[in-house]
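>>> here is my input; please provide its structure:
(2 chains)
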Amino acid sequence: MKRHSIQKQLTCLVLAAVVVMGFFAAAVVFGWSYSAHQYSAIVAQSSAFTTLSNEINQAYIDLDCYIQNPSSEALEKYSLSIQNAKAAVEEIKNTTAVQDIYYSVIGIENMIREAHYLNLEIINQLDLNSFNDIYPKLSESQALLTYINLRMATVNSLQNEWMQQQLSQTTARVQNLVFLLIPLLVILLCVLLLFGFRIARRIILPIQQISAQANQLAAGDLSAEDIPHQPLLEFSVIANSLNKMKRELSLMIDKIREQSNIESRLHETELENLRISNDLKNTELRVMQAQINPHFLFNTLNSIGRLAYSSGDNQVVELIEALSDMLRYNLNHIGRSITLHEELDNLKNYIYIQKTRFGDKLSFRIHADTQRMDLQMPCLTLQPIVENAIVHGLKPYNYEGCVEVEITDDDHWTLVSIHDDGVGMEPSEIEKMVSGAFEAPDQSVKHTSIGFCNVKTRLNSFFGKQDCVTVSSELGEGTTVVLKLYCEKGNQNV
Amino acid sequence: MSKRVKVLFCFLAVLLVCSGCYSPPEDAFDKDMRRVVFVSPQKELPVWLQAKAGFLDSAQDYGFQAEWLGSEDCDLDEMTRQISIAIAENVDAIVTCPLTPSVFDEVFSQAKEKGIPVIAVAVDASHPELRSAFISPDYQKIGHDQAVALHEAVGGEMKIGVIMSTFDSQNQIIQLEELKRYIQDLEGSEIVAYGQDFANPMTGMSVFSEMLEEHPEINAVFVTSGDAVSNYGKILAEKGLQDSIVLIGMDAVEENARAILEGEIYGVMDQDYYQMGYSSGEYAYKILNGETVPQTTFCDSMLVTAQNVQQVMDSKESEVS
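I've put the predicted structure just below:
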């Protein structure tokens, strides 16, 4: 779309006003000039008529003076008056625009000429003849003067009629000009006002839009819509610049926000690692506590084992072996990854001990349908969950129940499901247990919760995922904890 | 400033200067035309205004300067003075109606001396050699037609009252003679009264009223002037005599037409003044150009009654306009 600049539009408006006003001025000057010429012609002709009348009558006064007292001075005066009268006649003939006046003045001119001839004859014969001899010619000349004056009266009447007509026409013309100019001037003003308002609107509206946009930007609101298309070039440039600035600012802020999020996540990860490290240290501490006099504990267990073997109590011997293996596993593998197979072996030792403890009330079933027995995982992950199932799920049933461990493979992970048919939990209890906020009145139960969270944290950290442990439970139906062991390990930190 | 703007401002400046220098064009007219003067007896009388229209139309058609002069009320001295002035002005031709021909002999002679042709209309000069042409209605015919129409309208013996503008008016004398000739064979018909109104309506009213009072036997009025005819009709209407007295006057002018339409008078004899005016101008122009024109030309005349008055008036109105 073609855009016009403000300068161009204002220039066009001013030029249009100048042109129209110029034509108005020309019309006024034209009317004034026309009327001035008309008035000038009227005044000139009126003056010429007055001169003619005065001079012809003055000529006869001079003639009378000459007849009474002949002198060259009187004769010169007479001649001058006649010349002036003839000049006035010529002027009227040359300037009049009225046909009737022109031809009437020709008649007067003829009469003046004839009267002058008669008067010259009278003057020439004045010395030669008596007054009685020249009287007829003098009478005839006087009659001509009367005729001239009569015709002058007629012509004056025509002249007055013409003057009246001209004045009426001039007045009417001026009135027409005024009547024409006033409406045109009003229309012009209206058009100029209209265009002025239009241009002002075209200027003010964009200014308001741009101001609003600038205010929003100043207030930090980058969600405002773009300034719409501006028809004026200058505003279009400003609007496009502001829109572009807003978009770039928004992009920049998004980048900063993203960086901030990344840093925040990094910080959270560091905090998590720190917490895991802290948990590990606590675990180590507990292990260290458990390692107090380990030789003493092993020696004692060996002594008990030898006594049991001597007495032929094989069950006690196996029990002591299982306990020793568990202790050894816990002491030797803490802080490093082990295979699923090793973890299952440790779990079996634990199950054997518990079976020995609770007899047939407590049953275990392990179904390992996996090809990934060498899958790396943190140590001490299955045993605490199974222990949790026994202690939390089956204890209310006096440790009577079944714990099932089922291992299955998927494309990208191996699932280890530990299910008990114990009391189950309410969703709120599950949530508290998962979040580590579980507060049990029994210290052992609390320990269990801590163990569960420890397992969950270590698994998530080990595989670099957040969905490694899921819990589902129903009151009276039991609890199922599913561990997702990813084939691709994320973090080797156990 | 762009080139276009400069050009625009220059154009406006030139326009303003041209507007300021403007002077209205002078009305162009031919300054070498012949001057022909028409000195009418009553220059504002409607019938003579018809003649004026014809005269000005001929000036337009033939291209001469026509000047319409005359007296206000049949003032013969004023008429002769106007003619004298025209002669002193050395006009090219003079047209006039010498109501009393002998009064005009002197000025006609002066004109002839200066070589100025004179056209007589309606009334002829006392001597045919004093004028170059004579254009007129045929007053013998008018008088005869007027007498016949009067007789037919009365339908029997006529006791006639005659009113003339002046008893020495040449054309009216001719009309009167025709009336006399017509009634001399009609048994019981006679002229019982004469009056002259001097072409003055007020004078005419008193003259006519006295005539009717002195001669109650009058049943026909023969009027040879046109100036007071409508006033005569009013008198007849006021006296309730419009049905018992038949009046035939002269000239189909507006007032007379109204009197005919209202039944106050029977009718008028109309003269074609427009044709007289036109032909007078035409003849003057032709004489000045050396052409020969008829010495005597008669114009049309007709009886105007209630049957044709509207048609005649419409025709005259279109001629004058």
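>>> isn't A:Val423 up against A:Pro396?
Yes: here A:Val423 reaches A:Pro396: they are 4.7 Å apart, a contact under Cβ atoms under 8 Å. From N, CA and C alone the C-beta is placed, and that goes for glycine too.
>>> which one of these two is surrounded by more residues?
A:Val423 (19 against 12; other Cβ atoms under 10 Å in any protein chain shown).
>>> that one in helix, strand or coil?
coil (DSSP: H, G, I helix; E, B strand; the rest coil).
>>> phi, psi of whichever residue of the stretch 101-250 of chain B sits closest to chain A?
Nearest residue of the stretch 101-250 of chain B to chain A, counting by Cβ to the nearest Cβ: B:Lys114, 10.1 Å away. The phi/psi pair for B:Lys114 (degrees, to the nearest 10) reads phi -90, psi 0.
>>> ok, now which ones touch the closest residue to it other than its chain neighbours?
In this structure, B:Lys114 finds its nearest non-sequential neighbour in B:Ile87, 5.8 Å apart by Cβ to Cβ, 6 or more residues apart in numbering or on different chains. When the contact criterion is Cβ atoms under 8 Å, 6 or more residues apart in numbering or on different chains, the partners of B:Ile87 are B:94, B:107, B:110-111, B:114, B:116.
>>> if we go to 7 Å?
B:107, B:110-111, B:114, B:116 (Cβ atoms under 7 Å, 6 or more residues apart in numbering or on different chains).
>>> now do the same end-to-end measure for stretch B:63-77.
Terminal residues of stretch B:63-77 lie 30 Å apart, using Cα to Cα, to the nearest Å.
>>> swap in stretch B:232-246?
11 Å.
>>> try stretch B:124-134
6 Å.
>>> now the helices for the stretch 1-150 of chain B?
With DSSP state H, counting those that start in this stretch as the criterion, the stretch 1-150 of chain B has helices at B:3-21, B:46-62, B:76-88, B:105-113, B:139-154.
>>> and the ones you listed as TSV, adding mean pLDDT?
Shown next, in TSV, are those (pLDDT from 0 to 100):
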stretch	mean pLDDT
helix B:3-21	68
helix B:46-62	91
helix B:76-88	92
helix B:105-113	94
helix B:139-154	94
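>>> residues of the stretch 201-350 of chain A that sit close to chain B?
Within the stretch 201-350 of chain A, no position is near chain B by Cβ under 7 Å from any Cβ of the partner chain.
>>> can you verify B:Thr166 is assigned to a strand?
No: read with three-state DSSP, B:Thr166 is coil and lies in no strand.
>>> partner residues bridging the closest residue to it other than its chain neighbours?
Nearest non-adjacent residue to B:Thr166, counting by Cβ to Cβ, 6+ apart: B:Gln196, 5.3 Å away. Note on B:Gln196: beta-bridge partners by DSSP bridges are B:Met164.
>>> and B:Gln196, what does it touch?
Counting by Cβ under 7 Å, 6+ apart, B:Gln196 has contacts B:164-167.
>>> what about residue 123, neighbour count?
Picking chain A for this. A:Ile123 has 18 nearby residues by other Cβ under 10 Å.
>>> ah, I was thinking of chain B
22.
>>> spit out the contact partners of A:Leu485.
Applying Cβ under 7 Å, 6+ apart, the residues contacting A:Leu485 are A:340, A:375, A:377, A:413-414, A:416.
>>> just give the nearest non-adjacent residue to the residue nearest the centre of chain B, would you?
For chain B, the residue sitting closest to the mean C-alpha position, by Cα atoms, centre = their mean, is B:Trp48 at 3.4 Å. Nearest non-adjacent residue to B:Trp48, counting by Cβ to Cβ, 6+ apart: B:Ser40, 4.6 Å away.
>>> now the strands for the chain?
Let's take chain A. With DSSP state E as the definition, chain A shows strands at residue ranges A:337-339, A:362-369, A:376-378, A:401-409, A:413-420, A:469-474, A:478-486.
>>> looking at chain B here, not the other one
Going by DSSP E, chain B shows strands at B:35-40, B:65-70, B:93-96, B:118-121, B:133-137, B:159-164, B:190-196, B:220-223, B:246-250, B:267-271, B:296-299, B:301-305.
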